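Enquirer: Show me the folded form of this:
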Amino acid sequence: MGKLADKLSTRRLTGPEPEPVVLSRKRIYILPTGYGVLFSIILLIMLIGSINYNNSLGFALTFLMGSITMISMLHIHRNLSGIEIKSGTTHSVFNGENITYPFTINNSNKKNKYSIVIEKSPDNIIIDIPANSAISTHFDIPSDKRGHTRIGRIKIFTDYPIGLFHAWSWIIPDNHCIVYPTPENNAPPPDFETQGTGNLLSSKKGQDEYYGLRQYQHGDPVKHIAWKQTARSNEILTKQFTGSGGQTLWLEWDTTDTMSLEHKLSRLCRWVLDCERNGINYGLRIPGNNISPGNGHRHRHVCLSALALFAV
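Expert: As a prediction, this is how the structure comes out:
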């Protein structure tokens with residue numbers, strides 16, 4: 001019965017939903033719990049006995065308990081109805097690390113919400129939400145592969161107030177992140193000293209000689225913005241110069257020819273991190289994607305995302 005109920009209650013959920021997701025009456029489902037079924041059988045036996053013996057007190061008690069049952073069903077629906085769920089920003093992680101999916105549960109009603117359970121297998125979060133307030137919480141879910149990943153379906157349910165009924169709803173938040181490849185352990189470092197036209201090309205980057213354009217990155221000097229080229233395109237471009245500054249490396253796909261696909265991505269991932277740690281300006285060349293040299297958090301994310309999404 002549980003699997004059938006879950007299948008029927010999720011038949012309209014085909015993908016991520018616009019946020020915030022509001023639990024309206026049309027998407028809340030209610031069924032009796034095991035205790036509720038047992039309680040109903042007891043009430044039926046009491047009713048049959050009252051009829052058989054024409055017992056007025058038996059009728060009164062049976063109808064009283066039946067009324068409490070119906071009222072509890074109204075209360076459990078009201079306890080779940082009107083809740084708003086909105087997901088937060090999910091930060092990228094490396095494959096094998098936990099992905100933190102934050103979200104906020106808002107209760108704009110004048111009534112408190114009690115014993116609300118948010119379930120994402122195998123974890124449950126149980127919260128009470130005061131009237132006209134919001135509570136922030138999160139799930140930590142291990143990542144098991146690189147690329148785009150979503151949290152998927154989340155079940156929100158409650159058995160409040162007396163456990164005779166189970167009310168639930170399903171949501172699919174529009175919450176996703178990019179899982180980077182696992183950095184290779186004990187990988188040989190990129191050759192910071194290589195000169196010429198090798199697989200890892202090293203050149204000097206400073207402010208002497210103009211050698212090209214790239215997309216603007218946070219922290220680039222305003223005086224280096226190529227205003228004419230920017231006006232002719234849909235993006236802000238920055239001039240680059242060679243001279244007496246730091247090194248610039250090209251991280252090349254071809255230097256990992258003898259490795260498996262995942263091993264190649266793992267090594268290039270490690271090299272990106274090594275370049276960032278050493279303050280080296282670096283570019284990335286992989287099949288179908290050339291990323292111009294740069295440095296900084298945004299550039300790191302662009303390079304690692306390219307590796308994460310390669311051939312997926």
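Enquirer: What distance do you get for the closest residue to residue 309 other than its chain neighbours to residue 99?
Expert: Nearest non-adjacent residue to residue 309, counting by Cβ to Cβ, 6 or more residues apart in numbering: residue 147, 5.9 Å away. Heads up, the C-betas are built off the backbone N, CA and C, glycines and all. Using Cβ to Cβ, to the nearest Å, residue 147 is found at 12 Å from residue 99.
Enquirer: got any residues that touch both of the two?
Expert: residue 179 (Cβ atoms under 8 Å, 6 or more residues apart in numbering).
Enquirer: Who is residue 139 paired with across the strands?
Expert: Beta-bridge pairing for residue 139 (DSSP bridges): residue 101.
Enquirer: What does the pLDDT read for the residue nearest to residue 309?
Expert: If you check residue 147, the pLDDT there is 94.
Enquirer: how close does residue 55 sit to residue 47?
Expert: Computed as Cβ to Cβ, the residue 55 to residue 47 distance reads 10 Å.
Enquirer: no no, residue 309
Expert: With distances taken as Cβ to Cβ, residue 309 is found 64 Å from residue 47.
Enquirer: Which residues belonging to stretch 173-190 are considered buried?
Expert: Neighbour-count burial for stretch 173-190, counted by 16 or more other Cβ atoms under 10 Å, picks out 173, 175, 177-184, 187, 190.
Enquirer: meant to ask about stretch 270-278
Expert: By neighbour count with 16+ other Cβ under 10 Å, stretch 270-278 contains the buried residues 270-276.
Enquirer: Check stretch 137-147 too.
Expert: Here stretch 137-147 shows 139, 141, 143, 146-147 as buried, counting by 16+ other Cβ under 10 Å.
Enquirer: how about residue 273, what does it touch?
Expert: Counting by Cβ under 8 Å, 6+ apart, residue 273 touches 183, 300.
Enquirer: let's see 7 Å
Expert: By Cβ atoms under 7 Å, 6 or more residues apart in numbering, the contact list for residue 273 reads residue 183.
Enquirer: So residue 106 sits against residue 132, correct?
Expert: No: Residue 106 is beyond contact range of residue 132, at 9.2 Å (criterion: Cβ atoms under 7 Å).
Enquirer: Pick out whichever of these two has more residues nearby.
Expert: residue 106 (18 against 12; other Cβ atoms under 10 Å).
Enquirer: Quick check: the more buried one is in a helix.
Expert: No: going by DSSP: H, G, I helix; E, B strand; the rest coil, the assignment for residue 106 is strand, not a helix.
Enquirer: can you pull the pLDDT of it?
Expert: With respect to pLDDT, residue 106 has a value of 95.
Enquirer: Just grab the bridge partners of it for me.
Expert: Beta bridges link residue 106 to residue 84, residue 134, judged by DSSP bridges.
Enquirer: can you pull the contacts of it?
Expert: With the criterion set at Cβ under 7 Å, 6+ apart, residue 106 makes contact with 20, 84, 134.
Enquirer: Where does pLDDT dip in the stretch 151-300 of the chain?
Expert: Within the stretch 151-300 of the chain, the segments meeting pLDDT under 70 span 191-214, 216-224, 240-247.
Enquirer: Show me where it has its helices.
Expert: 227-231, 261-277, 297-308 (DSSP state H, counting those that start in this stretch).
Enquirer: Nearest to residue 117, out of those helices?
Expert: helix 297-308 (33.0 Å; Cβ to Cβ).
Enquirer: List the buried residues of that closest one.
Expert: Under the neighbour-count criterion of 16+ other Cβ under 10 Å, helix 297-308 has 299-308 buried.
Enquirer: repeat for stretch 6-14
Expert: Quick answer for stretch 6-14 (16+ other Cβ under 10 Å): residue 9.
Enquirer: Domain boundaries for the chain, per the record?
Expert: According to automatic domain parsing, the chain comprises the domains 2-180, 202-308.
Enquirer: Just the buried ones out of the contacts of residue 106, please.
Expert: Here, 16+ other Cβ under 10 Å leaves 20, 84 buried among the contacts of residue 106.
Enquirer: Make TSV out of the contacts of residue 106 and add distance to residue 166.
Expert: What follows is the contacts of residue 106, written out as TSV (distance: Cβ to Cβ, whole Å):
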residue	distance to residue 166
20	24
84	22
134	25
